[in-house]
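Asks: Sequence and predicted structure are below.
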Amino acid sequence: MSEKSFNNVPKVIAIDGPAASGKSTIGTLISNQLGYICLDTGIMYRAVAFQALKEGIDVFNEEAVSQLAERVQIDILPAEHEDNRQFTVLIEGEDHTWDIRTPAVNQVVSEVSVYPRVRTAMTDLQRKIGEKGNIVMIGRDIGTVVLPDADLKIYLDASVEVRAQRRYIEDLSRGKKVSYDEVLESLRHRDQIDSGRAVAPLKPADDAIIVDSDKMTVYEVVEHVLRLIQQK
Ligand code: DC
């Protein structure tokens, strides 16, 4: 499908959904197709979690983590390395693109994302980027809280078993030594916290279109979302 086949393309597209539902893969492909920028907001929460671990801050110390979120410098740049990265992530000016994806960060990122001041700091940054338009923004609360006026809201879902299987294969291909059961357990843990928190929990916006990718390939999901964009 060429860019020319899109008229009245939605300028702001929100893609929400649980961990490992393919949001970032789909969002990147869609944004490339449209010539939009793509912002994966999970990166920001991961950056806060990573920096807390790096500085030896107790992730259960809400005040300390909130102060960190309000001061830490996070830059998300286009990928400029040939190592399959979708973005380059600088934290305090240093490249930590892969460090934010370790099991240690996975383990605590949902906890730090619960804190209201952390969310406010990240949400403010996300809105500033989002209001420029021509963007696909990915997260948990984009359609509900960050950009409630987004032109198109997709909620990308899949069963936890299918997500775990996909993430497990991805981890193996990157040389990570993990078991399927560990991945499954980690996703269940994050689902529970992401959906259960008081502020901006993971849930579809009332006007979101739910795409269940359990039985779909990446290509099929992209085609489906591009059709939804054309129908707008
Ligand atoms: O999409 P991800 O797995 O990289 O996200 C990491 C964590 O960040 C996720 O478990 C919850 C949090 N998150 C959030 O609370 N709100 C967002 N908009 C994006 C991510």
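Replies: Looks like it came in fine.
Asks: Up against the ligand, what does this protein have?
Replies: 19, 41-42, 45-46, 109-110, 113, 139-141, 190, 194 (CB under 6 Å from any ligand atom). Any C-beta I mention is one placed from the backbone N, CA and C, and that applies to glycine too.
Asks: In helices only, show me the residues you listed.
Replies: Per DSSP state H, helices hold the following members of the residues of the chain next to the ligand: 42, 45-46, 109-110, 113, 190, 194.
Asks: Which one (most neighbours) among those?
Replies: Tallying neighbours with other CB atoms under 10 Å puts Ser113 at the head of those, with 29 neighbours.
Asks: How about the contacts made by the spatially closest residue to that residue that is not a sequence neighbour?
Replies: The shortest distance from Ser113 to any non-neighbouring residue, by CB to CB, 6 or more residues apart in numbering, is to Tyr45 (4.6 Å). With contact taken as CB atoms under 8 Å, 6 or more residues apart in numbering, Tyr45 is in contact with 109, 112-113, 118, 122.
Asks: ok, 10 Å please
Replies: Residues in contact with Tyr45 (CB atoms under 10 Å, 6 or more residues apart in numbering) are 69, 74, 100, 105, 109-110, 112-114, 118-119, 122, 139-140.
Asks: Just the buried positions in stretch 182-192, please.
Replies: Within stretch 182-192, the residues scored as buried using 16 or more other CB atoms under 10 Å are 183-184, 186-187, 190-191.
Asks: Sketch out the low-pLDDT regions of this protein for me.
Replies: 1-7 (pLDDT under 70).
Asks: quick one, helices of it?
Replies: 23-34, 42-54, 62-71, 103-113, 116-130, 160-173, 180-196, 218-231.
Asks: Buried deepest among the ones you listed, which one?
Replies: helix 42-54 (a mean of 23; mean count of other CB atoms under 10 Å).
Asks: how about Gly196, what does it touch?
Replies: 110, 114, 202.
Asks: Distance-wise, check it relative to the ligand.
Replies: 12 Å (CB to the nearest ligand atom, to the nearest Å).
Asks: Next: Glu70.
Replies: 16 Å.
Asks: picking that back up, closest to the ligand out of the ones in helices among the residues of the chain next to the ligand?
Replies: Gly42 (2.4 Å; CB to the nearest ligand atom).
Asks: The closest one - nearest residue in space that isn't next to it in sequence?
Replies: Gly139 (6.3 Å).
Asks: Show me how far stretch 125-143 is from its chain's centre.
Replies: 11 Å (CA atoms, centre = their mean, to the nearest Å).
Asks: Provide a list of residues in contact with the residue nearest to Gly42.
Replies: 14-17, 23, 27, 39-45, 113, 122-123, 126, 145-147, 200, 202.
Asks: and if you look at Val222?
Replies: 1, 22, 25-30, 32-33, 216.
Asks: Distance check, it against Ile100.
Replies: 25 Å (CB to CB, to the nearest Å).
Asks: likewise Asp157?
Replies: Asp157 is 24 Å from Ile100, by CB to CB.
Asks: Repeat that for His224.
Replies: 29 Å.
Asks: before we move on, the earlier item: farthest pair in the ones in helices among the residues of the chain next to the ligand?
Replies: Within those, Arg46 and Asp194 form the most distant pair, 13.1 Å apart (CB to CB).
Asks: Identify whichever of the helices of the chain lies nearest to Asp151.
Replies: helix 218-231 (9.1 Å).
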